[in-house]
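[1] Coordinates only, no sequence provided:
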């Protein structure tokens with residue numbers, strides 16, 4: 001699996017993210033072509049080689065005409081959704097903006113659509129956010145990790161006046177995100193940079209185990225004496241840690257007991273939870289006080305999905321309390337193989353440990369389609385696929 005690690009040694013901003021992606025292989029012509037799918041005029045982008053402390057990278061710049069217009073989140077989301085950008089780019093961009101506008105709304109004590117982006121800030125943020133999503137898709141990045149984020153100190157000028165560093169919206173965005181101090185008296189992590197990492201990063205900490213394939217550097221506009229103002233991006237193939245021959249991963253279990261909800265709602269909730277990033281969702285029948293029958297709703301997820309999963313539970317269920325705890329998950333290595341049966345080709349899932357096949361299971365949806373097409377019992381197709389899978393195992 002292709003993963004990316006953002007090493008935010010001097011913070012992160014939207015333009016530095018795009019610069020690092022360009023330096024990692026995102027072609028500027030492709031970026032410009034995709035950005036043209038947005039109905040935005042009177043702006044241009046450029047990417048030039050620049051250096052900080054003798055480290056060379058890409059300085060990504062956006063130029064536009066001044067305007068007094070303002071944009072709301074609804075307007076920005078509509079702009080993105082009406083474009084011909086890919087579904088993935090639209091989804092990532094909208095999710096980033098939603099986190100950004102939620103933080104701004106909380107700071108200003110207003111509703112989401114009462115947050116106004118000044119036209120200059122809106123164009124800058126839209127291009128940075130959508131550009132980042134385009135780069136991630138174009139480079140085939142499937143997972144993103146980040147170092148802890150340095151925030152800086154001092155003051156920053158905004159459209160709302162002089163603000164302390166880190167900006168209030170940045171602090172709001174970085175709830176439950178590891179941060180570190182820095183010797184630089186300047187804004188290092190911007191609200192846009194924080195929103196991108198808050199939304200996309202599946203974990204914060206040291207560089208994950210990976211086979212490095214390439215690196216890129218996004219150069220910031222300021223030149224600090226203390227440290228190079230760069231964002232380092234490392235891209236490679238994920239190497240999953242192994243314990244006793246099993247793939248090992250740290251996960252969270254989020255669970256709640258529910259005894260007063262219409263059971264018809266569970267299907268809808270499960271669908272929402274999976275869309276929000278749950279790895280697994282399951283229901284366990286339990287008996288509560290006064291012998292009242294109830295359901296234990298359990299969700300398995302990664303740390304970075306905790307907040308959105310809990311939001312769904314509080315919004316969609318009748319629960320008033322949730323339990324969260326860490327678990328270790330050990331899995332067999334898995335791969336998908338296609339086998340030939342007398343009914344047609346079917347995929348099977350092969351589970352391995354230390355290179356040795358342990359279990360083989362036919363893919364249900366494949367078998368179902370073949371059974372319907374050939375008008376034969378589903379169990380016959382599954383048995384044939386299983387036999388073909390084990391014959392594949394014997395051949396090695």
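    Great, that's in hand. Please read these numbers as outputs of a predicted model, since none were measured by experiment.

[2] what mean pLDDT does stretch 21-29 have?
    Per-region confidence: stretch 21-29 scores 97 on mean pLDDT.

[3] Helices of the chain, residue ranges please.
    Here the chain has its helices, by DSSP state H, at 14-23, 28-35, 73-81, 87-108, 119-138, 168-173, 191-200, 265-275, 306-316, 364-374, 378-395.

[4] Next, the closest residue to residue 150 other than its chain neighbours: phi, psi?
    Nearest non-adjacent residue to residue 150, counting by CB to CB, 6 or more residues apart in numbering: residue 182, 3.9 Å away. For glycine as for every other residue, the C-beta is placed from the backbone atoms N, C-alpha and C. Per-residue torsions, residue 182: phi -150, psi 150 (degrees, to the nearest 10).

[5] Please name the residues that touch residue 182.
    Going by CB atoms under 8 Å, 6 or more residues apart in numbering, residue 182 touches 10-11, 150-153, 188, 227.

[6] next one: residue 179
    By CB under 8 Å, 6+ apart, the contact list for residue 179 reads 148-151, 189.

[7] Recalculate using a threshold of 10 Å.
    Shown in contact with residue 179 (CB atoms under 10 Å, 6 or more residues apart in numbering): 8, 148-151, 166, 170-171, 189, 194, 204.

[8] and if you look at residue 87?
    residue 137.

[9] Over to residue 43?
    Contacts of residue 43 (CB under 10 Å, 6+ apart): 35, 62-65, 120, 123-124, 126-127.

[10] for the residues you listed, which one is nearest residue 341?
    Nearest to residue 341 among these is residue 35, at 47.3 Å by CB to CB.

[11] before we move on, back to that, with residue 214 as the reference, name the closest of the helices of the chain.
    Closest to residue 214 of the helices of the chain is helix 14-23 (CB to CB; 9.2 Å).

[12] Okay, angle between the closest one and helix 28-35 too, please.
    Interaxial angle of helix 14-23 relative to helix 28-35 (axes from the mean of the first three to the mean of the last three CA atoms, to 10 degrees): 130 degrees.

[13] how far is helix 14-23 from where the chain is centred?
    Computed by CA atoms, centre = their mean, to the nearest Å, the chain-centroid distance of helix 14-23 equals 17 Å.

[14] what do you get for stretch 164-173?
    Offset of stretch 164-173 from its chain centre (CA atoms, centre = their mean): 21 Å.

[15] Tell me where the stretch 51-200 of the chain is predicted with low confidence.
    Along the stretch 51-200 of the chain, the model assigns pLDDT under 70 to residues 66-69, 118-121, 159-160.

[16] Repeat the analysis, applying 50 as the threshold.
    119-120 (pLDDT under 50).

[17] quick revisit: could the contacts of residue 182 be laid out in TSV, adding distance to residue 311 and neighbour count?
    Formatted as TSV, these follow (distance: CB to CB, whole Å; neighbours: other CB atoms under 10 Å):
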residue	distance to residue 311	neighbour count
10	32	25
11	27	27
150	28	21
151	25	21
152	29	23
153	31	16
188	28	27
227	36	16
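
[18] Which of those fall within strands?
    Cross-referencing the contacts of residue 182 against strands under DSSP state E gives residue 150.

[19] just the contacts of residue 182 now: which is nearest residue 54?
    residue 227 (12.6 Å).

[20] For the closest one, give me its contacts.
    Residues in contact with residue 227, defined by CB under 10 Å, 6+ apart, are 9-11, 52-53, 150, 182-184, 188.

[21] same thing with residue 30?
    Contacts of residue 30 (CB under 10 Å, 6+ apart): 22, 134-135, 138.

[22] In TSV: the residues you listed, plus distance to residue 255 and neighbour count.
    TSV is the format used below for the contacts of residue 30 (distance: CB to CB, whole Å; neighbours: other CB under 10 Å):
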residue	distance to residue 255	neighbour count
22	43	25
134	38	27
135	37	27
138	39	17
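
[23] Pick out the residue nearest the middle of the chain.
    Geometric centre of the chain, nearest residue: residue 200, 3.0 Å, by CA atoms, centre = their mean.

[24] Thought residue 137 was touching that residue, still the case?
    No - with contact defined as CB atoms under 10 Å, residue 200 does not reach residue 137; the gap is 11.7 Å.

[25] what sits in contact with each of those two?
    Listed as contacting both residue 200 and residue 137 by CB under 10 Å, 6+ apart are residue 92.

[26] Count the residues that sit near residue 166.
    Neighbour count of residue 166, defined by other CB atoms under 10 Å: 26.

[27] List the contacts of the nearest residue to it once chain neighbours are set aside.
    For residue 166, ignoring the flanking residues on the chain, the nearest one in space by CB to CB, 6+ apart is residue 151 at 4.1 Å. Applying CB under 10 Å, 6+ apart, we find residue 151 in contact with 11, 165-167, 170-171, 174, 179-182, 184, 187-189, 194.

[28] and which of those is nearest to residue 89?
    For the contacts of residue 151, the closest approach to residue 89 (CB to CB) belongs to residue 194, at 20.1 Å.

[29] about what we covered before: I'd like the contacts of residue 30 written out as CSV, with distance to residue 101 added.
    CSV is the format used below for the contacts of residue 30 (distance: CB to CB, whole Å):
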residue, distance to residue 101
22, 26
134, 21
135, 22
138, 26
